[in-house]
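*Asks:* Starting from these lines, generate the structure:
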Amino acid sequence: MNTVIYTERRTFEKYDDQRYMVYLGEKVIPDYTLPAMDETPREPVTGYSYTGTEADGGTLIGATGPERNSLINGIIRTKYSQTEEDAIKTHQIELLKNSDIPKAGEYEAEWEAFNDFRTKAIQVVDSWLS
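*Replies:* As a prediction, this is how the structure comes out:
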């Protein structure tokens with residue numbers, strides 16, 4: 001993983017027809033001082049830190065357009081494949097049918113983790129599009 005600090009907020013940009021570069025895990029650095037290029041002191045600015053798989057701190061996701069659902073799905077796929085998501089949802093159906101199954105606690109925990117990640121993906125994309 002690579003962490004990079006920018007002086008402007010980053011969101012997403014088209015990479016190619018099937019992917020977008022997204023900037024996740026934003027951390028705002030209120031009084032960031034740029035590295036000195038010479039002896040001249042620099043004024044602090046607001047910095048924005050991003051951590052991702054790419055050298056620029058971004059993360060490539062599968063997305064065919066800048067639409068909300070495409071970006072959300074792309075972010076979800078960085079952690080969960082479609083097959084894994086389907087399995088988690090199937091486990092929830094099993095719990096609805098019988099809450100006393102032996103793996104009930106495990107299934108509830110995996111649902112909570114998935115849903116937390118999904119909710120964060122939605123919040124990030126909504127902040128970009130607002």
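
*Asks:* Leaving out sequence neighbours, find the closest residue to Arg10.
*Replies:* Distances taken as Cβ to Cβ, 6 or more residues apart in numbering put Tyr23 closest to Arg10, at 3.8 Å, once the chain neighbours are dropped. Where you see a C-beta, it was placed from the backbone N, CA and C, and this is true even at glycine.

*Asks:* Next up, the contacts around that neighbour.
*Replies:* 10-12, 50, 52, 57-59 (Cβ atoms under 8 Å, 6 or more residues apart in numbering).

*Asks:* are any of these buried, and which?
*Replies:* For the contacts of Tyr23, a burial check counting by 16 or more other Cβ atoms under 10 Å picks out 10-12, 50, 52, 57-59.

*Asks:* Adding distance to Thr90 and pLDDT as columns, could you present those in JSON lines?
*Replies:* Converted to JSON lines, those look like this (distance: Cβ to Cβ, whole Å; pLDDT from 0 to 100):
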{"residue": "Arg10", "distance to Thr90": "36", "pLDDT": "98"}
{"residue": "Thr11", "distance to Thr90": "34", "pLDDT": "98"}
{"residue": "Phe12", "distance to Thr90": "31", "pLDDT": "98"}
{"residue": "Tyr50", "distance to Thr90": "34", "pLDDT": "98"}
{"residue": "Gly52", "distance to Thr90": "31", "pLDDT": "97"}
{"residue": "Gly57", "distance to Thr90": "35", "pLDDT": "98"}
{"residue": "Gly58", "distance to Thr90": "33", "pLDDT": "98"}
{"residue": "Thr59", "distance to Thr90": "28", "pLDDT": "98"}
